[in-house]
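[1] next one to model:
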Amino acid sequence: CDLLQVDDTVAVSDGEMVPCDGWVVSGELRLDESCLTGEDRPVRKERGDFVVGGSKCVDGAAHFKASAVGANTAMSQVAAMVEAAQSSRLEIERLGLKVAAKFVPTILGLALITFITWVVLLTTGVVEAPTALANGHSLEE
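    Numbering: from 1, shown residues only. Model (predicted):
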């Protein structure tokens, strides 16, 4: 595929994958373009129609002139956009991470302070434990 260049004429027949984007110059075929368009049925292509690299020829044969190869094809550009979208964080995601980074430790710290305060108050006798808990019984009994 590295040898393929723009304006080369490419032949595709049954069962083959379209190696690059281009325009049909002769023949007629049906392509499965579901990988790019999501269509559930093959699309008929004839002279003058645009073919997308990565499509699979389901039926027929045609010659087409390459208009984009390698990283310039529609499929490659979609893949690059998806990769870029997945690698970058949204502003709301960044804000959520900042809030969580401060909120979670704050809540855990407050819970620890509350626990220590209650232990100190109960052990020094400032506050008496409820009788059910003081006798070692659970609240469900």
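
[2] contacting residues around the residue lying farthest from the centre of the chain?
    Most distant residue from the mean C-alpha position of the chain: G125, 58.1 Å away (C-alpha atoms, centre = their mean). Shown in contact with G125 (C-beta atoms under 8 Å, 6 or more residues apart in numbering): no residues. Placement of C-beta: from N, CA and C, glycine included.

[3] quick one, grab the pLDDT at it.
    Per-residue confidence (pLDDT) for G125: 82.

[4] remind me which residues of the chain are low pLDDT?
    1-2, 131-141 (pLDDT under 70).

[5] 80 instead?
    Under the criterion pLDDT under 80, the flagged ranges of the chain are 1-2, 85-90, 129-141.

[6] center of it, which residue is that?
    By C-alpha atoms, centre = their mean, the most central residue of the chain is Q86, 5.9 Å off.

[7] can I get the helix or strand harbouring that one in PDB? Just the C-alpha atoms.
    Assigned by DSSP states H and E, Q86 belongs to helix 74-87. Output in PDB follows, covering the C-alpha atoms of helix 74-87 (Å, rounded to 0.1, in the frame of the first residue of the first chain):
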ATOM      1  CA  ALA A  74     -11.300   9.500   5.000                       C
ATOM      2  CA  MET A  75     -10.900   6.400   7.200                       C
ATOM      3  CA  SER A  76      -7.500   7.500   8.500                       C
ATOM      4  CA  GLN A  77      -8.800  11.000   9.200                       C
ATOM      5  CA  VAL A  78     -11.700   9.600  11.200                       C
ATOM      6  CA  ALA A  79      -9.300   7.300  13.100                       C
ATOM      7  CA  ALA A  80      -7.100  10.300  13.900                       C
ATOM      8  CA  MET A  81     -10.000  12.400  15.100                       C
ATOM      9  CA  VAL A  82     -11.200   9.500  17.400                       C
ATOM     10  CA  GLU A  83      -7.700   9.100  18.800                       C
ATOM     11  CA  ALA A  84      -7.400  12.800  19.400                       C
ATOM     12  CA  ALA A  85     -10.800  12.900  21.100                       C
ATOM     13  CA  GLN A  86     -10.000  10.000  23.400                       C
ATOM     14  CA  SER A  87      -6.600  11.400  24.400                       C
END
